[in-house]
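Participant: Here is the input, now give the coordinates:
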Amino acid sequence: MIALDDQPFNVVNNRGFQRVVAALKPRYTLPSDKYFRTSLIPDLFKMMSAKLTDVLASARFISFTTDSWRTSQCIDSLLSITAHWITNSWDRQSAVIAACPIEGSHTAENLAGIVAS
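Facilitator: As a prediction, this is how the structure comes out:
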């Protein structure tokens, strides 16, 4: 929910959120925002990265695209690299494999330097 809805980790500290969780499962102990920041999300990232690496290793051909974008929650512009491939059952797949802030102007030279690093 935190990642999908782009919520801050401290949403788990909000009284309303705690009440909803308590109503759904009264005996559940809600983890702290620190647990989400330092354990759950980093562990989930490692697991998903390993799965994506395995999937990409089995792809016969992969193409890459880049895009720059920003969201209302992020004041920085971001540059992303997305991998695209087709599975053996002909399903189109894609995954963002990298994203980093764009510092400076959006010139071809600057963006190339970001991609190269």
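Participant: Can you give the domain ranges for this protein?
Facilitator: Annotated domains of the chain cover 1-58, 60-117 [automatic domain parsing].
Participant: would you turn those into a markdown table with mean pLDDT and mean neighbour count?
Facilitator: In this view, the C-beta of every residue, glycine as well, is placed from N, C-alpha and C. Formatted as a markdown table, these follow (pLDDT from 0 to 100; neighbours: other C-beta atoms under 10 Å):
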| stretch | mean pLDDT | mean neighbour count |
| --- | --- | --- |
| domain 1-58 | 92 | 11 |
| domain 60-117 | 88 | 11 |
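Participant: from the chain's centre, how far out does the strand or helix carrying residue 84 sit?
Facilitator: Using DSSP states H and E, residue 84 sits in strand 78-86. In terms of C-alpha atoms, centre = their mean, to the nearest Å, the centre of strand 78-86 is set 12 Å apart from its chain centre.
Participant: Which residue ranges of this protein form strands?
Facilitator: Applying DSSP state E to the chain gives strands spanning 63-69, 78-86, 92-101.
Participant: hmm, back to that, neighbouring contacts of the strand holding residue 84?
Facilitator: Around strand 78-86, the neighbours that count as contacts under C-beta atoms under 8 Å, 6 or more residues apart in numbering are 56, 59-70, 92-102, 111, 114-115.
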